[in-house]
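Student: fold the following and give me the result.
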Amino acid sequence: MEKVESKCVRQKISGLKNIIKKNNLIMSEEKKLNAISAPLVTDIYTADPSAHVFNGKIYIYPSHDIDAGDAFDDLGSHFAMEDYHILSMDTPADSSAVDNGVALHVKDVKWAERQMWAPDAAEKDGKYYLYFPAKDHDGIFRIGVAVSDSPTGPFIPQPEAIKNSFSIDPAVLKDEDGNYYMYFGGIWGGQLQRWRTGTFKAEQPESPFAFLPEKNEPALCAKVAKLTNDLLEFAEAPKDVVILDENGKPLLQGDTDRRFFEASWMHKYKGKYYFSYSTGDTHFLCYATGDNPYGPFTYGGRILEPVIGWTSHHSIVEFKGKWYLFYHDSSLSNDITHLRCVKVTELEYDENGKIKTIVPYK
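Tutor: Just a heads-up that it's a prediction; the model follows:
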């Protein structure tokens, strides 16, 4: 079994590298010159930017890529992030962002062992909350929360992960009624597929392709849960974020150009809820719209065409009447998988509220 499994994983990894080459996701000098936006910081590698406007200023909560020397694999072992730096900007028109230094390190989180992946943040009553995934000492992704009096930290983590939390990529929406909702989840290395029965399913040797639905089955869904008033726990059991096609049917797992993979984000525009996400191995940022924070959501289209590198992860924020997409690519390092850099570009809607697709290189 182990030899068969290892061969399967090797074939998948080879296939992923071929996809990268096929989609021209390796940076060329020409593409560097024709990128629509430049890295916001160049002193460190940053990715997965969650942007918010607090007190009239933009704060960006990214992950911090490091070159840990781990080999590329589908479990994400090469994404060995161990701390968070908070970035800030006075306006999206700035040519760069300020790196405010380390706001939280994995060594300060008692329950976490490694891999502090994409975070998000929220504010309530003058307190700031940093939500982050990390693998616990059993190798299972959980979601933690840390609190600060400042949007740039330092953040003090809670002693335990959020009860009943799992998987990765937390994103928190503050709705107009004062309720806060967390969206989260990611397949493959994000382990979402291992929770299909409600409890974590381990397998040795570990494979990210175990427990996935068949191509003709409904796709795995992101999760959503309302937060408690103190923003420290789930107020309810997480629910599926169902994405429907044009016929009102849930997207299928084989619909890889549209189905959810990771990188949840939620924002509102003219009273509509816009759930956006990455399709992962097909490299698109897509969105779906609904009438309430739980959905269901109807697929709307693409936000961003593939960027240089393997992953795509983003946030959408309004600032002084205009909308902006924060995203990342690997143009700073030209690495095919990680060592990424955060960028920003303006985002536009048409008269019907559809997001206009952005091409990251001209």
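
Student: for the stretch 1-150 of the chain, which segments count as helices?
Tutor: 2-22, 29-34 (DSSP state H, counting those that start in this stretch).

Student: pLDDT on the last one, on average?
Tutor: Rounded to a whole number, the mean pLDDT of helix 29-34 is 62.

Student: ok, now the first one?
Tutor: In this model, helix 2-22 carries a mean pLDDT of 42.

Student: what's the weakest-modelled helix or strand in the chain?
Tutor: Ranked by mean pLDDT, DSSP states H and E, the helix or strand of the chain with the weakest confidence is helix 2-22, at a mean of 42.

Student: where in this structure is pLDDT low?
Tutor: Residue ranges of the chain with pLDDT under 70: 1-33, 69-78, 336.

Student: and residue 65, how far from residue 253?
Tutor: Residue 65 sits 29 Å away from residue 253, going by CB to CB, to the nearest Å. Where C-beta positions appear, they are placed from N, C-alpha and C, glycine not excepted.

Student: can you give me the neighbour number for residue 252?
Tutor: 17 (other CB atoms under 10 Å).

Student: one more: residue 309?
Tutor: 26.

Student: right, and it touches residue 341 too?
Tutor: No. Residue 309 lies out of contact with residue 341 (CB atoms under 8 Å); the separation is 9.5 Å.

Student: quick one: end-to-end length of stretch 92-105, please.
Tutor: The first residue of stretch 92-105 is 27 Å away from its last residue (CA to CA, to the nearest Å).

Student: can you give me the buried ones in it?
Tutor: Neighbour-count burial for stretch 92-105 flags 92, 97-100, 102-105 (criterion: 16 or more other CB atoms under 10 Å).

Student: again, but for stretch 302-315
Tutor: Judged by neighbour count using 16+ other CB under 10 Å, the buried positions of stretch 302-315 are 302-304, 306-315.

Student: can I get those residues in JSON lines including distance to residue 164 and secondary structure?
Tutor: Shown next, in JSON lines, are these (distance: CB to CB, whole Å; DSSP: H, G, I helix; E, B strand; the rest coil):
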{"residue": "302", "distance to residue 164": "33", "secondary structure": "strand"}
{"residue": "303", "distance to residue 164": "30", "secondary structure": "strand"}
{"residue": "304", "distance to residue 164": "32", "secondary structure": "strand"}
{"residue": "306", "distance to residue 164": "34", "secondary structure": "coil"}
{"residue": "307", "distance to residue 164": "34", "secondary structure": "coil"}
{"residue": "308", "distance to residue 164": "37", "secondary structure": "coil"}
{"residue": "309", "distance to residue 164": "33", "secondary structure": "coil"}
{"residue": "310", "distance to residue 164": "30", "secondary structure": "coil"}
{"residue": "311", "distance to residue 164": "27", "secondary structure": "coil"}
{"residue": "312", "distance to residue 164": "28", "secondary structure": "coil"}
{"residue": "313", "distance to residue 164": "24", "secondary structure": "coil"}
{"residue": "314", "distance to residue 164": "27", "secondary structure": "coil"}
{"residue": "315", "distance to residue 164": "25", "secondary structure": "strand"}
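
Student: let me know the closest of these to residue 165.
Tutor: Of all the buried residues of stretch 302-315, residue 165 sits closest to residue 313, with 19.1 Å by CB to CB.

Student: who's in contact with the closest one?
Tutor: Listed by CB atoms under 8 Å, 6 or more residues apart in numbering, the contact partners of residue 313 are 47-49, 118, 169, 262-263, 278, 327-328.

Student: nearest to residue 208, of the residues you listed?
Tutor: Nearest member of those to residue 208, counting by CB to CB, is residue 262, at 11.8 Å.

Student: what's the burial count for that closest one?
Tutor: Quick note: residue 262 (other CB under 10 Å) scores 26 neighbours.

Student: any idea how far the closest residue to it other than its chain neighbours is from residue 192?
Tutor: Of all residues not flanking residue 262 in the chain, residue 186 sits nearest, at 3.3 Å (CB to CB, 6 or more residues apart in numbering). If you measure residue 186 against residue 192 using CB to CB, the figure is 6 Å.

Student: I'd say residue 237 and residue 223 touch.
Tutor: No. Using CB under 8 Å, residue 237 is not in contact with residue 223; the gap is 9.4 Å.

Student: could you find the closest non-adjacent residue to residue 103?
Tutor: Nearest to residue 103 is residue 153, by CB to CB, 6+ apart, at 3.0 Å.

Student: and the one you found, that's in a strand?
Tutor: No. Counting by DSSP: H, G, I helix; E, B strand; the rest coil, residue 153 is not found in a strand; it is coil.

Student: contacting residues for it?
Tutor: Applying CB under 8 Å, 6+ apart, the residues near residue 153 are 84, 86, 100, 102-104, 128, 130, 146.

Student: tell me which of those residues is nearest to residue 37?
Tutor: For the contacts of residue 153, the residue nearest residue 37 by CB to CB is residue 86; the value is 20.0 Å.

Student: quick one, what contacts the spatially most central residue of the chain?
Tutor: What sits nearest the mean C-alpha location of the chain, by CA atoms, centre = their mean, is residue 263, with 2.8 Å. Shown in contact with residue 263 (CB under 8 Å, 6+ apart): 48, 118, 169, 186, 276-278, 285, 311-314.

Student: shouldn't it be within a helix?
Tutor: No. Read with three-state DSSP, residue 263 is strand and lies in no helix.
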